[in-house]
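1. Attaching a predicted model along with its sequence, questions to come.
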Amino acid sequence: MSKKSRRIAGAVIFGVIVGLVATACGGGSSSDGAEVKWAFNLPTSWDPVTSRTGNDINTISLAYASLTRLDAEGNVEPSLAESWKYNADGTAVTFSLRDGLTFSDGTTLDSQAVKAFFDRGKTQDDSFLRDQLAGVTEVTADTATDVTLHLADADYQIPYLVAGRTGAIASPTAAADPQKLSVWPVGAGPFTITDFVAEDHAYFEKNPNYWDAENIHIDHFELSVAPDPATLVAGVQSGSIDFATLPALQSKEAEAAGLDVTVKPSLAANDVSINLNKAPFDNPKIVEAFRYAFDRQAFVDVITNGLGSTTSQPFPDGYLAFNPEIEKLWNYDPDKASRLLAEAGYAPGQLSIEITAQSAATNRAELVQSQLKKIGVESTIKVVPPGSSTWQSEVYIAKNPQLATDGTIGRESPVQNLLAVYGPEGIMNLSGPHASPEFSAALDTVRRTPLEDPEYKPRLWQAVKVGVEQSPTNYLFSNPWIIVSNPDLKNLNILPSQVRWEGVTVS
């Protein structure tokens, strides 16, 4: 077992112990006050420094607040930092914190605490923020409330970057024990944890010291691992669940049961991830054949019930970074795919691969399997069991699969998302560390461009194009948020980048 695997296993065991202790001490939800029960996913880690996936922002933001946050249009707005300012050449950005901030353990949230968080993100051995913070050369605490990120080069993406996990500041007192912090979050967010059992649930109470506490109308919060999708509607009907992400094909069932179904835009994009480091994908002809193998519209029709849209890139149509020129590069052409396989030396039925899939998304893998069959490729499906760490360990860390059905829910910064899916250390780059020098150069150009510069969008589109062309992964479709909820929940706050709870009420 590797050191990283031992850390994961240790964290799970420690999480169970913490949960049992908290339960024994009376943790959990009270019957008094407004309560919400959310069936979703538990994070890969409760420490933002060791959290491993973009999806985690939905859950770690229960306990943590970030320096900034995004609004419904994806624009950056104040959060822990009430303002920020770049120097003249874009190589330093100073964030001014709100007065009187504290973490849930009573530690003062000042510039020194922010500096300690970023320093840990850059240096801790198991940090998953090092890639995002690679351009930060130094962090200085200038005054009690002003903290400056000094940059190797101009980077105007930083306010977007710190709207997510990268800027979700954790208590430096709690961070003295990183193993405990990974299973017991201590932040300055809307809620404070009271109970946690790994792979099962986490319970929270409202944090009265959250800077935006007046917009939090929920007193008790229960987060649990989502059950089998077939039981979601029944769970909401029975009251054991108040809020959950719903498979598209069940939306009619939920509406017929009198439940609220909400469809909102998301940044999610789903793909067939391909590993250049595993045969047969070390053969460029086979990689090219797979470019033409997938009928994207079929995925939209079957998986999203027509609610999604096709995409050949890690962004949905309508988002700023979506480059329409990419959609013209490879059309669905199974005959051409078959010819390319023949040129690579494979007659129909001679090539066989393994498709790795999550247990909750086997329908995607089955559709991939049927479409590969049409071009003469045989396949088997390997299902990775559920759990907050199993998929990450097998796919994102070990990068074991030949091919996996996967996807991104997006990131606060499009550059950050491109790094995650295509960068040399990108967690969703199954072919890592493969990334072309041209891709890195294109990203650097985007970073150096102010967001209001007329060249920003063309340069971003060029970086997306270079990323798509140098990667073997095929993006297929995007899907919206589809939420089933108790009708008593009002004013849902579902942003393209994440679910938030400010403004949500329980009638």
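-> Arrived safely.

2. by contact count, what packs against the host helix or strand of Lys37?
-> For Lys37, the host element (DSSP states H and E) is strand 35-40. In terms of contacts (3 or more CB pairs under 8 Å, 6 or more residues apart in numbering; DSSP states H and E), strand 35-40 is packed against strand 220-225, strand 243-245. Yep, even glycine has a C-beta here, placed from its N, CA and C like the rest.

3. Let me have these in CSV, adding distance to Ala141 and mean neighbour count as columns.
-> Listed next are those as CSV, based on distance: least, CB to CB, whole Å; neighbours: other CB atoms under 10 Å:
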stretch, distance to Ala141, mean neighbour count
strand 220-225, 33, 21
strand 243-245, 39, 22
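
4. could you dump those strands to a markdown table with distance to Leu451 and mean pLDDT?
-> Listed next are the helices and strands packed on strand 35-40 as a markdown table, based on distance: least, CB to CB, whole Å; pLDDT from 0 to 100:
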| stretch | distance to Leu451 | mean pLDDT |
| --- | --- | --- |
| strand 220-225 | 34 | 97 |
| strand 243-245 | 31 | 95 |
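
5. okay, those in TSV with distance to Gln297 next?
-> Compiled in TSV, those are given as follows (distance: least, CB to CB, whole Å):
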stretch	distance to Gln297
strand 220-225	32
strand 243-245	23
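
6. Next, count neighbours for the residue lying closest to Arg411 once chain neighbours are set aside.
-> Spatial nearest neighbour of Arg411, chain neighbours left out: Asn417 (3.9 Å); criterion: CB to CB, 6 or more residues apart in numbering. By other CB atoms under 10 Å, the residues close to Asn417 number 27.

7. Ok, Gly410 next?
-> Gly410 - counted by other CB under 10 Å - has 29 other residues nearby.

8. backbone phi and psi for the nearest residue to it once chain neighbours are set aside, please?
-> Computed as CB to CB, 6+ apart, the closest residue to Gly410 that is not its neighbour in sequence is Leu267, at 2.5 Å. Note on Leu267: backbone dihedrals following degrees, to the nearest 10 are phi -100, psi 10.

9. re the thing from before, against Gly407, how distant is the residue nearest to Arg411?
-> As for Asn417, its distance to Gly407 is 12 Å (criterion: CB to CB, to the nearest Å).

10. likewise Gly235?
-> From Gly235 over to Gly407 (counting by CB to CB), the distance is 24 Å.

11. neighbour-wise, which of the two wins?
-> It is Gly407, of Gly235 and Gly407, that has more neighbours when counted by other CB under 10 Å, with 23 against 19.

12. A strand includes the more buried one, no?
-> Yes - Gly407: assigned to a strand according to DSSP: H, G, I helix; E, B strand; the rest coil.

13. Now for it: which residues touch it?
-> 268-271 (CB atoms under 8 Å, 6 or more residues apart in numbering).

14. ok, back up a step: and the next helix or strand after the strand holding Lys37, how far from the chain's centre?
-> Counting by DSSP H and E, the next helix or strand C-terminal to strand 35-40 is helix 57-63. Here the centre of mass of C-alpha atoms in helix 57-63, compared against the chain's by CA atoms, centre = their mean, to the nearest Å, lies 11 Å away.

15. Residues contacting the following helix or strand past helix 57-63, please?
-> Helices and strands here follow DSSP H and E; after helix 57-63, the next one along the chain is strand 68-70. Outside strand 68-70, the residues that touch it by CB under 8 Å, 6+ apart are 76-81, 84, 159-160, 162-163, 167, 412, 495, 497, 500.

16. what about 7 Å?
-> For strand 68-70, the external contacting residues (CB atoms under 7 Å, 6 or more residues apart in numbering) are 76-79, 81, 159, 162-163, 167, 412, 495, 497.

17. which one of those residues sits closest to Glu469?
-> Closest to Glu469 out of the contacts of strand 68-70 is Glu412 (24.8 Å), distances taken as CB to CB.

18. and the closest one, that one's in a strand?
-> No - assignment of Glu412 by three-state DSSP gives coil, placing it outside any strand.

19. Test my guess that it contacts Pro496.
-> No - when contacts are counted by CB atoms under 7 Å, Glu412 is not listed as touching Pro496 (10.3 Å).

20. Of these two, which one has the most company?
-> The neighbour comparison of Glu412 against Pro496 (other CB under 10 Å) goes to Glu412, with 28 against 20.

21. dump the residue contacts of that one.
-> Taking CB under 7 Å, 6+ apart, one finds 70, 160-161, 163-164, 497 in contact with Glu412.

22. Turn these into TSV, columns for distance to Asn41, neighbour count and pLDDT.
-> Output for the contacts of Glu412, formatted as TSV (distance: CB to CB, whole Å; neighbours: other CB atoms under 10 Å; pLDDT from 0 to 100):
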residue	distance to Asn41	neighbour count	pLDDT
Leu70	20	22	94
Tyr160	24	23	95
Leu161	23	27	96
Ala163	20	29	97
Gly164	16	28	95
Ser497	16	25	90
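
23. can you name the two of those residues that are farthest apart?
-> Once CB to CB is applied, those give Leu161 and Ser497 as the farthest pair, at 12.4 Å.

24. ok so, going back, which of the helices or strands spans the residue nearest to Arg411?
-> Assessed by DSSP H and E, Asn417 sits inside helix 414-422.

25. Check Glu205 too.
-> Glu205 belongs to strand 201-206, assigned by DSSP H and E.

26. How about the contacts made by the residue nearest in space to the middle of the chain?
-> The chain has Gly54 as the residue nearest its centroid, 1.8 Å off, counting by CA atoms, centre = their mean. For Gly54, the contacting residues are 408-411, 420, by CB under 7 Å, 6+ apart.

27. any chance of these in TSV, with distance to Ala289 and pLDDT too?
-> What follows is those, written out as TSV (distance: CB to CB, whole Å; pLDDT from 0 to 100):
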residue	distance to Ala289	pLDDT
Thr408	24	94
Ile409	29	89
Gly410	29	91
Arg411	30	91
Ala420	26	93
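
28. Make a PyMOL selection of the buried ones in these.
-> Here is the PyMOL selection string for the buried members of the contacts of Gly54, based on 16 or more other CB atoms under 10 Å:
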select buried, resi 408+409+410+411+420
